[in-house]
Structure formats: C-alpha cells, structure tokens
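1. pasting the sequence and the predicted model now:
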Amino acid sequence: MGLENKLKMGLGVLALAGGISYSNNLKAQEFERPYGYIEDQDPALRTAVLGVNVLGSGLLAGIVGAAEGRNFFEDFGKGAFGGTLQYIGMEISMYDAPGLAILGKFTTETGASMVENTVAGRGLADRLHYGLGPGLIEINTTEETQEEHGSFNLYWRLLPVIGLAYNIEERNKFDFLNSFLYMTPIFINKPEIKVSGGVTTTSWGLTTGNIINSYPKHPSNLKHEFVHSLQYERFRIGQEVVRIVVPGPVDWLEENLHLRIGEDFTRIMFDGPQTVCGWAEKSRGCSRRWWMPTEVEARLMETASEEK
C-alpha cells in the first residue's frame with residue numbers, strides 16, 4: 001500500500017474516532033526549485049520565529065481573555081511569557097549536546113501549558129501537560145485542579161497512533177537511542193525518491209503528530225522533524241479553543257474516552273495550505289513553499305543545528 005493510500009486510510013480513522021479530517025504529513029525534501037521554494041535561510045531570521053511565538057500566543061490569550069471578561073493586558077502578558085518559553089525550548093533543542101533536546105522539549109511543553117492555562121482562565125502553572133507519542137500526561141498542581149481532575153491524568157491523541165501504525169507497517173526500524181535523547185518515538189527510514197508532476201523529490205523524513213522517521217545520514221533532518229514534533233505539542237492550545245466553540249463533544253471525548261482532539265484539529269488546520277497545494281499540483285514538493293507556516297518555522301529553526 002502506497003503512502004497516499006495509507007494517509008487516506010488515516011483520514012477514515014480520524015473521521016470515525018474523532019470527527020475530524022485528515023492532514024497531510026510534513027516532509028523535509030530536496031527537489032528542483034518551483035515557484036515559492038524555500039531557499040537556504042539566514043539564521044538571524046529565527047528572531048522572526050521568536051516574535052511570532054510571543055506575539056501570537058499573547059494575542060490569542062489576550063483576545064480570549066477579554067472576550068470572557070478578563071483583563072486583556074494581563075492575559076496577553078501571560079500568553080507572551082508562555083510563547084517565549086516555547087521558543088526558548090525549540091532553540092535549546094536544536095543544539096547538539098546530549099540532554100538539550102529533552103530540556104528543550106520540557107521547556108517548550110511547559111510554555112505551551114502556560115498558554116493553554118491562560119486561555120482556559122487558570123493560573124499559569126495550574127495544569128501541565130507533557131506528551132510522549134500518543135500519550136499525554138496531565139499534572140494538576142493546585143488544590144482546585146486536583147479536586148476537579150485528580151493529581152494526574154493520562155490522555156491519548158489520534159495522529160500519533162496513525163504515525164506508529166504507518167512506521168510499523170513500513171517496517172521502519174525503531175531508533176532506541178534517539179527516541180530516548182529526544183523523548184519522542186523515532187524510526188529510521190530510507191530516502192524515498194519520486195518524480196511527480198515534473199518535480200523530482202527526495203523525502204528524508206516524515207512526522208505524523210509527534211512520531212518521527214528520519215534518515216540517520218542526514219542529521220539536520222532529525223532536528224527539522226523534531227521541530228514538527230514540538231509544533232504538534234504546542235498545538236495543544238487547540239483543545240481549549242475548540243472547547244469554546246463546541247464544548248459538549250470536546251468535554252465528552254476528554255472525560256469519557258480520555259481522547260484529546262485539539263492538537264489534531266489544529267495540526268490539520270495549519271496543514272491546510274499544503275493539502276490544497278498537493279491536490280492542485282499533484283506534487284509532494286508543496287512542503288517547501290513559503291506559504292506553509294509550519295515548514296517555514298522548521299527550516300528556520302534547523303539553522304541552529306551544527307550538524308548538516
């Protein structure tokens with residue numbers, strides 16, 4: 001079964017289990033340069049990633065807070081602080097010393113939890129979430145949140161389940177060392193070369209949710225794919241945003257099935273331009289265009305890596 005068919009199967013799983021639609025998996029690729037191709041990036045442009053994280057997180061928290069009767073500037077400051085931690089975590093994880101990826105992941109997810117808490121009207125560190133593959137650990141740190149949900153909870157997400165199923169079916173070898181060093185499931189793949197729509201592409205890696213496969217002889221690609229994994233964890237804010245719109249289904253799935261759909265929904269939304277491009281051009285080369293926000297961020301952040 002080809003990759004396209006596997007992803008269509010994933011669409012069916014998502015639609016049945018969570019009522020959401022499928023998003024294309026991100027790929028890091030090298031190919032002929034069509035219109036909009038992302039060229040090599042200036043490392044100084046990582047400051048733009050910092051700005052987007054700080055301003056975006058702050059505005060989201062501030063606007064939601066104001067709509068619910070809270071102080072805009074107070075919630076903006078809290079969201080901006082969480083967004084700053086998210087960026088710092090990504091930056092740390094791009095460097096090559098052992099242990100930095102774990103520290104970066106922990107920092108990024110702590111920042112994401114702070115933004116999520118602010119949007120939900122909680123204190124900055126009232127509820128913390130840390131992901132590992134399909135699983136998501138919830139730690140409640142205050143008496144109020146512990147009375148509501150207990151000290152600890154465990155949730156699961158759909159896209160990582162599909163990612164695991166894909167890698168197992170493809171018989172990709174599990175990378176024990178890097179999975180430990182990055183605290184996310186990582187598989188070893190082989191470069192895939194394909195000619196489609198007159199464009200030759202070489203796929204070095206693929207991330208589904210937070211499940212990575214990467215070619216070990218292309219080290220910087222692992223950093224690139226790890227950014228996509230961290231993006232998925234940062235998209236947990238989608239749980240609170242979707243809850244505002246359709247609280248009933250979100251609460252029911254979370255409370256009865258321990259299933260969170262916010263990160264999957266947000267991942268799909270941000271992958272929308274890539275999906276449309278793929279349909280229009282019949283080419284996998286869409287993932288390296290400037291209008292793909294998740295791809296642009298990953299390509300900017302990997303400039304911090306010393307491994308090429």
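-> Yep, that arrived. Numbering: from 1, shown residues only.

2. please make it C-alpha for all contacts and neighbour counts, starting now.
-> Noted.

3. which element is the residue nearest the centre of the chain on?
-> Using CA atoms, centre = their mean, the residue of the chain that lies closest to the mean C-alpha position is Y232, 1.6 Å off. Assigned by DSSP states H and E, Y232 belongs to helix 219-234.

4. quick revisit: leaving out chain neighbours, which residue sits closest to the residue nearest to the centre of the chain?
-> In space, and not counting its chain neighbours, Y232 is closest to G209: 5.8 Å by CA to CA, 6 or more residues apart in numbering.

5. the one you found and S305, how far apart?
-> G209 sits at a distance of 22 Å from S305 (criterion: CA to CA, to the nearest Å).

6. before we move on, what SS does L128 have?
-> Classification of L128 using DSSP: H, G, I helix; E, B strand; the rest coil returns strand.

7. measure it to E68 for me?
-> For L128, the distance to E68 equals 22 Å [CA to CA].

8. which of these two has more neighbours?
-> Using other CA atoms under 10 Å, the more surrounded residue of L128 and E68 is L128, with 20 against 13.

9. the more buried one contacts T145, correct?
-> No: look at L128 against T145 with CA atoms under 8 Å: they stay out of range, at 10.7 Å.

10. residues touching M94, list them.
-> Counting by CA atoms under 8 Å, 6 or more residues apart in numbering, M94 makes contact with L100, A101, K223, M301, E302, A304, S305.

11. please apply the same query to G111.
-> Here G111 is in contact with F81, G82, G83, T84, L85, Q86 (CA under 8 Å, 6+ apart).

12. in space, what's closest to it - neighbours in sequence excluded?
-> Nearest one to G111, counting by CA to CA, 6+ apart, is G82 at 4.1 Å.

13. host element of the one you found?
-> Taking DSSP H and E as the definition, one finds G82 inside helix 72-93.

14. show me how far that helix is from its chain's centre.
-> 16 Å (CA atoms, centre = their mean, to the nearest Å).

15. quick check: closest non-adjacent residue to W291.
-> P273 (7.3 Å).

16. next structured bit after the helix or strand harbouring W252?
-> Counting by DSSP H and E, the element that carries W252 is helix 247-252. Using DSSP H and E, the helix or strand that follows helix 247-252 towards the C-terminus is helix 262-270.

17. and that following helix, which residues are buried?
-> Under the neighbour-count criterion of 16 or more other CA atoms under 10 Å, helix 262-270 has G262, E263, D264, F265, T266, R267, I268 buried.
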